[in-house]
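In: Okay, predicted coordinates and the sequence, questions at the end:
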Amino acid sequence: MIEIMLVVVGLAFFLLLLEVFTLGYAFIKRLKDIRRNSVDSRVEELIQDRLREEPGDWESFINKLSPREQASARRIVRSLLYEATDCDAVHLRRLAIDLGLEETAANQIEEGDRISRLNGLTSLTLLRSPPSVDMLCPQCQEDSLLRGAAAQALMSVHTETAYRDALGFLFDESGEELAVIGMGVIYEVGQRAPNLLVAEIAKMTDRLSQTELVQILYVISELDELGVVIGAPPPWLEMAIEEKNAQVREAAVMALRSFEPETSNQVLDSLLMAVEDENKRVRLAAARTICDWGGEFELTRLEVRLNNEPSERVRQAIIDTLLYHNHRPQRSLSVEAKRSWVWKKELNRIPASNELSTTETD
């Protein structure tokens with residue numbers, strides 16, 4: 001009985017010590033956080049005051065800071081760079097480099113773990129200080145996330161050479177699915193230099209996996225939403241429209257929207273083939289692309305497909321395209337096609353340049 005009591009007392013004493021230790025640790029951590037926040041607040045105020053004075057040289061400013069304040073300044077300047085205006089960003093980048101962030105980032109990339117490397121690449125992107133490709137290859141090439149972050153750092157100076165280096169590194173090791181950050185690189189290059197993007201992709205088509213090609217095409221198709229017009233569709237895109245893989249065909253047809261409407265027989269024939277494709281997603285993409293290219297496309301050919309289209313969703317896309325271009329059907333339509341169209345309301349909206357037969361208005 002005495003032994004059991006001793007065990008219980010010992011256990012209670014151990015739990016008491018554990019609770020005291022936990023409370024003490026929480027108190028010390030809280031105290032450190034308060035002290036750190038106080039230093040950060042004071043240093044941020046000093047930096048903001050200096051920015052308002054439009055500083056040239058930060059060396060004297062840094063020399064007045066204690067080691068703890070310099071560590072705080074490194075944290076603060078990295079945070080401020082995310083939302084800085086162009087003018088402030090120039091000064092903040094100089095401060096960051098003088099504080100040693102560039103050297104720290106390089107060390108993180110060469111010697112750190114995955115998270116450290118990602119942080120280092122992010123720092124170099126913020127500093128617009130692209131690393132050398134040789135430094136990036138062994139550390140980042142095998143990881144799709146790091147490869148995307150490295151490409152983002154390479155293109156941070158926004159020159160044509162930087163864009164080529166970024167795309168080249170991004171697709172140097174082909175086969176893996178691109179991370180979101182890698183797709184963001186393609187999107188930004190497409191926004192800033194769309195024709196360069198298309199030209200560079202043309203050099204890489206032989207080493208791109210189908211997954212990567214689909215991702216690239218999806219990103220290109222989204223450029224249309226920004227009003228980016230790239231030019232005539234390149235040969236590699238025309239070939240992609242006729243690929244065996246249905247997902248590639250769909251993405252290629254969607255990507256056509258970001259290009260100038262092309263009147264060449266080859267492209268139009270490819271779109272006609274897409275309208276008749278065995279895959280309904282490809283047919284849907286074709287109907288929507290023709291909506292953008294309606295002025296260059298013989299819409300009566302699309303009308304023929306309306307009568308034979310088994311998918312309600314695709315029929316509606318075809319009808320939306322015809323309505324968008326105020327095109328009246330020239331022939332009697334099937335029952336399914338007429339069911340897909342709100343006839344009286346929509347037909348009254350279309351100019352009566354091409355009258356429908358009595359059977360079509362029933």
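Out: The structure has been received and is ready for your questions. Note that the coordinates shown come from a computational prediction; the quantities given were computed from them, not determined experimentally. Numbers count the residues shown, from 1 in each chain.
In: can you list the weak-confidence ranges in the stretch 151-300 of the chain?
Out: For the stretch 151-300 of the chain, applying pLDDT under 70 flags the ranges 173-176, 262-265, 294-297.
In: What segments of the stretch 201-350 of the chain are helices?
Out: Ranges of helices in the stretch 201-350 of the chain, per DSSP state H, counting those that start in this stretch, are 210-222, 235-241, 246-255, 265-275, 280-292, 299-308, 312-324, 335-339, 343-349.
In: Could you check which helix or strand contains P130?
Out: Per DSSP states H and E, P130 falls between elements, in no helix or strand.
In: residues near the spatially closest residue to A246 that is not a sequence neighbour, how many?
Out: Spatial nearest neighbour of A246, chain neighbours left out: N279 (4.1 Å); criterion: C-beta to C-beta, 6 or more residues apart in numbering. To be clear about C-beta, it is placed using only N, CA and C from the backbone, and glycine gets the same treatment. By the measure other C-beta atoms under 10 Å, the count of residues near N279 is 14.
In: just E242 next, same as before
Out: When counting by other C-beta under 10 Å, one arrives at 14 neighbours for E242.
In: ok, now the one 10 residues further on?
Out: The number of residues packed around A252, counting by other C-beta under 10 Å, is 29.
In: now swap in N63 and tell me
Out: Neighbour count for N63, taken as other C-beta under 10 Å: 8.
In: Kindly list the longest helix within the protein.
Out: In the chain, taking DSSP state H as the definition, the longest helix is helix 2-52.
In: re the thing from before, I'd like the helices of the stretch 201-350 of the chain written out as JSON lines, with distance to R93 added.
Out: Output for the helices of the stretch 201-350 of the chain, formatted as JSON lines (distance: least, C-beta to C-beta, whole Å):
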{"stretch": "helix 210-222", "distance to R93": "28"}
{"stretch": "helix 235-241", "distance to R93": "38"}
{"stretch": "helix 246-255", "distance to R93": "36"}
{"stretch": "helix 265-275", "distance to R93": "45"}
{"stretch": "helix 280-292", "distance to R93": "41"}
{"stretch": "helix 299-308", "distance to R93": "53"}
{"stretch": "helix 312-324", "distance to R93": "48"}
{"stretch": "helix 335-339", "distance to R93": "61"}
{"stretch": "helix 343-349", "distance to R93": "56"}
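In: so which of those helices comes closest to T104?
Out: Taking C-beta to C-beta, helix 210-222 is the member of the helices of the stretch 201-350 of the chain nearest to T104, at 32.3 Å.
In: Report the angle between the closest one and helix 246-255.
Out: Angle, helix 210-222 to helix 246-255, by axes from the mean of the first three to the mean of the last three C-alpha atoms, to 10 degrees: 20 degrees.
In: tell me what helix 210-222 is packed against?
Out: On a contact count with 3 or more C-beta pairs under 8 Å, 6 or more residues apart in numbering; DSSP states H and E, helix 210-222 meets helix 180-192, helix 194-204, helix 235-241, helix 246-255.
In: Report the buried residues of the third one.
Out: Read that as helix 235-241. Across helix 235-241, burial judged by 16 or more other C-beta atoms under 10 Å covers 236-238, 240-241.
In: How about residues contacting that helix?
Out: 198, 201-202, 205, 213, 217, 248-249, 251-253, 255-256, 259, 266-267, 270-271, 273-274 (C-beta atoms under 8 Å, 6 or more residues apart in numbering).
In: that older thread, out of the helices of the stretch 201-350 of the chain, which is closest to L15?
Out: The closest of the helices of the stretch 201-350 of the chain to L15 is helix 210-222. By C-beta to C-beta, the value is 54.9 Å.
In: other SSEs contacting the longest helix of the chain?
Out: Using 3+ C-beta pairs under 8 Å, 6+ apart, helix 2-52 sits against helix 67-81, helix 86-98.
In: how big is the angle separating that helix from helix 67-81?
Out: Using the same axes, to 10 degrees: helix 2-52 against helix 67-81 is 70 degrees.
In: For helix 2-52, give the mean pLDDT please.
Out: Taken as a whole, helix 2-52 has an average pLDDT of 76.
In: where's the next helix or strand after it relative to the chain centroid, distance-wise?
Out: Counting by DSSP H and E, the next helix or strand C-terminal to helix 2-52 is helix 59-63. A distance of 39 Å separates the C-alpha centroid of helix 59-63 from that of its chain, computed with C-alpha atoms, centre = their mean, to the nearest Å.
In: Over to stretch 194-209?
Out: 17 Å.
In: Also stretch 254-271?
Out: 24 Å.
In: which outside residues touch it?
Out: 194, 217-218, 220-224, 228-233, 237-238, 240-242, 253, 285-286, 288-290, 292-293, 295-297.
In: switch the cut-off to 7 Å
Out: For stretch 254-271, contacts defined as C-beta atoms under 7 Å, 6 or more residues apart in numbering pick out 217, 220-221, 223-224, 228-233, 237-238, 241-242, 285-286, 289-290, 292-293, 295-297.
In: Can you say which of those residues are buried?
Out: For the contacts of stretch 254-271, buried by 16+ other C-beta under 10 Å: 217, 220-221, 223-224, 228, 230, 233, 237-238, 241, 285-286, 289-290, 292-293, 297.
In: Give me the distance between the residue lying closest to C291 once chain neighbours are set aside and M273.
Out: Excluding its sequence neighbours, the residue lying closest to C291 (C-beta to C-beta, 6+ apart) is T321, at 4.0 Å. Noted for T321: a distance of 17 Å to M273, by C-beta to C-beta, to the nearest Å.
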